[in-house]
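> Please work out how this folds:
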Amino acid sequence: MTTDEKLINVVLRFQRNEITEYHIYSRLAKSVRRVDNSVVLAKIAKDELAHYKFFRKISSQDVTPYHLKVFFYYWLARIFGLTFSIKLLERGEVSAQAAYGRLEKDLPEIRRVIHDEEDHEHELIAMIQEDRLEYVGSIVLGLNDALVELTGTLAGLTFALQNSRLIAVVGLITGIAASLSMASSEYLSSKSEGDSQNALKSAIYTGIAYILTVIMLVVPYFFITNYFFSLGLTLTIAILIILVFNFYLAVAKDLNFARRFAEMVAISLGVALISFGIGFIVRQTLGVDV
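From the prediction side, this is the model:
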């Protein structure tokens, strides 16, 4: 294969990536409700199409997008939000930007494409506004409190009661009551700070995050009779929730994943261990036998 043929093959790969991203951003621009977000997405799509046309002049060929990739990122954005899916997509383009740099010697004009990828699009992405990111503090509050409180409660109840169905019922009632209490506290806290307009939304995000976490942690006790196995599964679910949520935050908010993940796991498992010990002491001291 000649050097020119190799160059054309590389250009065609870049060209296909650009037309794929054009279709992703175009579909998202048409699907979002907020006009300002739609305008930003349409502008990014326009840039991607311009990049595609730049590479097409070199290759003199048309290419089709990666349809599966368009489908995946479109629905990822619909489910997990624009910022998360777009930043995840852009993370995947880091290697492409490095490859663009290696082509500068043969294609000096590619510097404009690199500039767009590194600077202009990042500035545009930062302009996207989403409720779920604006209220991420409330979500963290509900999620973190539920993880710490429920893993501790379920661990203590496991040794104290030693009855899966009873543990599940008590844990669920405790969790629902705690979620309502936490949501109410968040509402009053936000309102006292003069943020009356967003106080209700903050409370709703906190309450929903809390109660969904409670349900996921309690579920094993409803279906598994071995309460120690249920506890192990609950702790595993807690770690998975922490893993997924911190990955989401790390991508969407550009935070340190490893440090936050280790911190939350240590707190949740530490509280569970202490509570398990308390449950053992209570059972032995009070002679509880269910």
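
> which residues are contacting stretch 207-220?
Taking Cβ atoms under 8 Å, 6 or more residues apart in numbering as the criterion, the residues outside stretch 207-220 that touch it are 138-143, 145-147, 150-151, 154, 168, 171-172, 175-176, 178-180, 182-183, 186, 229-230, 233-234, 237-238, 241. For every residue, glycine as well, the C-beta is placed using N, CA and C.

> domain ranges for this protein?
Following the assignment in automatic domain parsing, the chain carries domains at 3-129, 132-286.

> Tell me which of those sits most buried.
domain 132-286 (a mean of 18; mean count of other Cβ atoms under 10 Å).

> That one - what's its average pLDDT?
Average pLDDT, domain 132-286: 82.

> Assess the claim that A77 and F71 are in contact.
No. Assessed by Cβ atoms under 8 Å, A77 is found out of contact with F71, at 11.2 Å.

> Quick check: which element contains the residue most central in space within the chain?
Nearest residue to the geometric centre of the chain (Cα atoms, centre = their mean): Y248, 2.4 Å. Using DSSP states H and E, Y248 sits in helix 227-253.

> Which strands and helices lie in contact with that helix?
On a contact count with 3 or more Cβ pairs under 8 Å, 6 or more residues apart in numbering; DSSP states H and E, helix 227-253 meets helix 82-91, helix 136-161, helix 164-192, helix 196-223, helix 257-286.

> now the angle from that helix to helix 257-286?
Note on geometry: by axes from the mean of the first three to the mean of the last three Cα atoms, to 10 degrees, helix 227-253 and helix 257-286 are set 150 degrees apart in direction.

> let's have the chain start at 266 instead
Okay, using 266 as the starting number, the last item reads as helix 492-518.

> How far off centre is helix 492-518?
The chain centroid and the centroid of helix 492-518 are separated by 12 Å under Cα atoms, centre = their mean, to the nearest Å.

> Quick one: classify Q326 as helix, strand or coil.
Here Q326 is coil, with the state taken from DSSP: H, G, I helix; E, B strand; the rest coil.

> if I pick the residue lying closest to it once chain neighbours are set aside, what's in contact with it?
Nearest non-adjacent residue to Q326, counting by Cβ to Cβ, 6 or more residues apart in numbering: L277, 6.5 Å away. L277 makes contacts with F320, S324, Q326, V328, as judged by Cβ under 8 Å, 6+ apart.

> which residue packs closest to the second one, ignoring adjacent ones?
So that's S324. Of all residues beyond its chain neighbours, the one nearest S324 is V276 (4.9 Å), with distances taken as Cβ to Cβ, 6+ apart.

> Go ahead and confirm that neighbour touches K322.
No. Using Cβ under 8 Å, V276 is not in contact with K322, being 9.7 Å away.

> Run a quick check on G440 versus G417, I expect a contact.
No. Applying Cβ under 8 Å, one finds G440 not in contact with G417, separated by 11.6 Å.

> pretty sure I506 is touching V413, no?
No. Judged on Cβ under 8 Å, I506 makes no contact with V413 at a distance of 11.8 Å.

> Same list (the helices and strands packed on helix 492-518) but as JSON lines, adding distance to S303.
Shown next, in JSON lines, are those (distance: least, Cβ to Cβ, whole Å):
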{"stretch": "helix 347-356", "distance to S303": "10"}
{"stretch": "helix 401-426", "distance to S303": "22"}
{"stretch": "helix 429-457", "distance to S303": "29"}
{"stretch": "helix 461-488", "distance to S303": "22"}
{"stretch": "helix 522-551", "distance to S303": "30"}
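
> I am finished for the moment; much appreciated.
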